[in-house]
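Colleague: Got a predicted structure here, sequence first:
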Amino acid sequence: MAQFYFLDPYQPRASVVHRCDPRVKVTLALAFILTVALTPSGAWPIYFLLFALELAVVILSELGVSRVYRRALIALPFALAALPMLFSVAGTSLLNLNLGLLSLTVTREGVARFMSVVVKSWLSVQMAVLLVGCTPFPALLAALRALSVPRLLVAIVGLMWRYLFVLVDEALRLLRARESRSAHPPEPTGRRVGGSLVWRARVAGGMVGNLFLRAFDRADRIYAAMLSRGYDGETRTLPMPPLHAREWAVLTAGLCVLVLLMVSGLLFYQ
Amino acid sequence: MLFSPLPMHIPDGFLSVGVSLVLWAVAIVVVGYALKRVNADVGERQVPLMGVLAACIFAGQMLNFSVTGGTSGHLMGAAIATILLGPWAGIVVLTCVVGVQALIFQDGGLLALGANIVNMGIIGVAVAYFAHRTLQKLLGKWSGGLFVSGFISGWLSIVVAAAACALQLALSGASPANIAVPAMVGIHALIGVGEGLITAGALAFLKVARRDLVEVPQVQFVGGKAVWVGGLVIAVALAIFSPLASAHPDGLEWVAEQRGFLDLARDPLYEIIPDYVLPGISNEKLATILAGVIGALIVFAAAAGVAYARSKRARGSSA
């Protein structure tokens, strides 16, 4: 259960990337992901340039290259959904698989499409890991508000973040309580423990219902506390200071590089 | 991954830019409207209530139960949130959950976030809402109706969201439709059982602990007609787009054709509309589309007939 204490992905460092304005970081990260998405499949040189660009930022951010890369593998299982493309894209055949009745032909074009999807998703996830790794969540929310995400939604997400840890702790207490009530074989024996499936599901359902009740009550208390401190339905925040010239320069340079990569990808590899 | 047991969060890189942007637009419009509706209902309480409940759903996804051999059942939460809070608040809460999962835990991409909000937040909630309302009406008097309805709406919300996810992947050319849709729906038909059981279990607990939360007074089924029309439009649109989406023969079918066992797969039982192609129309694509449209219309006519008969009977008994 130790992993839940590391819920917050933010890693405090003193790097250049950490000190950069969150608005710049969010804009550039989104532009990067859009560029990756717009790059046609099979444009390997462009992928490599994007990867190099990202690697440079990862190194600058001092988050640790291997840590970022490990986390970026999180989307890998989803690649399974793209696996049929190996066989379904028509083209020169590379390999014939005979599985009983089924004969599958792997095509060169299929492999290229599949690998492109995997690489693109890995590059995009890496950027998201990087963004949240070096931007504290409140700064991220402030940036989203500045980028005209509805204030109400940002306020709700902000409050959600504030109470996420509290409710995760509640859920962990519920899990611990169930564990201490239930007899357990010391090692998983493969034998069924603790009643029928439906019974176990009902217990878990009861825990969910319980969590809901606690959340409802907590929301009431929070609302009362907010009211007594003068809450009137409006979430007020300090406006963010205007961007410095240096930050404008970083933003423009980054966007120019990305547009250049995007255009060359579309021109040469379409 | 820790918090989302469902392989339904689409990462970036899988959806085409066009599909992503269209779904973003849909998500923005619907969530914006939902925010307005919730604000009208609960006013300034909205921020604390929605925020804490979103955190609650998020934490609730950790509460699992072992199924067999190391796998476990989890919660997505669309159904339980919808049943307890109503559709608009459900959409807002699920949107926050999916958004934080994408933003913080890289569970689902940022460009694909619009699609994930549409699948889990909007489609999941809408399906759960209409399934629950319809079943509540049908099973109204029976005391176990609440649980059956909770189970079915939980299961359906997962399965339909998974189907939508597979269709988006197919539209983006990331996975052929005839493999992605059955595979996703098949897997989630199993996963959905866990969701349904937990939803029913939570309702059982809440019915004992807080009856007022789960037994909303029977209000008029607002927008029932609009839902039927909307569902019909979506079904017809799917029928029209599905043959166009797969312009070239898809993998498995192609293999089957090559091996010549496609004939074996054709069961005479399903020959009423042979291979979804109407006889007597020479353009094959047009015929497929027409067959799809007719099929959708028949299904809807049957469903509408049943609903009409029921409402007539209900009116007759109350008069």
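Modeller: Sure, I can see it.

Colleague: pLDDT averaged over stretch A:172-182 - what is it?
Modeller: Mean pLDDT, stretch A:172-182: 87.

Colleague: Okay, buried residues for that stretch please.
Modeller: A:172, A:174-175, A:178 (16 or more other CB atoms under 10 Å in any protein chain shown). For every residue, glycine as well, the C-beta is placed using N, CA and C.

Colleague: quick one: the residue lying closest to residue B:62 once chain neighbours are set aside and residue A:10, what's the gap?
Modeller: Spatial nearest neighbour of residue B:62, excluding adjacent residues (CB to CB, 6 or more residues apart in numbering or on different chains): residue A:171 at 4.9 Å. As judged by CB to CB, to the nearest Å, residue A:171 and residue A:10 stand 22 Å apart.

Colleague: Those two: which has the busier surroundings?
Modeller: residue A:171 (24 against 16; other CB atoms under 10 Å in any protein chain shown).

Colleague: Tell me, how many residues neighbour residue A:95?
Modeller: For residue A:95, the count of nearby residues is 12 (other CB under 10 Å).

Colleague: Which pLDDT value goes with it?
Modeller: 73.

Colleague: That one in helix, strand or coil?
Modeller: Following DSSP: H, G, I helix; E, B strand; the rest coil, residue A:95 is assigned to strand.

Colleague: Next up, phi/psi of the nearest residue to it once chain neighbours are set aside, please.
Modeller: Taking CB to CB, 6+ apart, and ignoring the residues beside it in sequence, residue A:95 has residue A:106 as its nearest neighbour in space, at 4.2 Å. Main-chain torsions, residue A:106, degrees, to the nearest 10: phi -80, psi 130.

Colleague: before we move on, what about residue B:112?
Modeller: Note on residue B:112: backbone dihedrals following degrees, to the nearest 10 are phi -90, psi 0.

Colleague: Kindly report the same for residue A:243.
Modeller: phi -70, psi 140.

Colleague: Contact partners for the residue in the stretch 51-200 of chain B that chain A sits nearest to?
Modeller: Taking CB to the nearest CB as the measure, the stretch 51-200 of chain B has residue B:51 as its residue closest to chain A, at 2.9 Å. Residues near residue B:51 by CB atoms under 8 Å, 6 or more residues apart in numbering or on different chains: A:155-160, A:162-163, A:219, B:96.

Colleague: and what of residue A:152?
Modeller: By CB under 8 Å, 6+ apart, the residues touching residue A:152 are A:235, B:35, B:39, B:46-47.

Colleague: mind running it again at 7 Å?
Modeller: Counting by CB atoms under 7 Å, 6 or more residues apart in numbering or on different chains, residue A:152 touches residue B:35.

Colleague: Next: residue B:90.
Modeller: B:78, B:81-82, B:125.

Colleague: May I ask which of these has the most neighbours?
Modeller: Counting neighbours by other CB under 10 Å, residue B:78 comes out on top of those with 35 neighbours.

Colleague: Tell me how many other residues surround the nearest residue to that residue once chain neighbours are set aside.
Modeller: Nearest non-adjacent residue to residue B:78, counting by CB to CB, 6+ apart: residue B:124, 3.5 Å away. Residue B:124: 33 surrounding residues under other CB under 10 Å.
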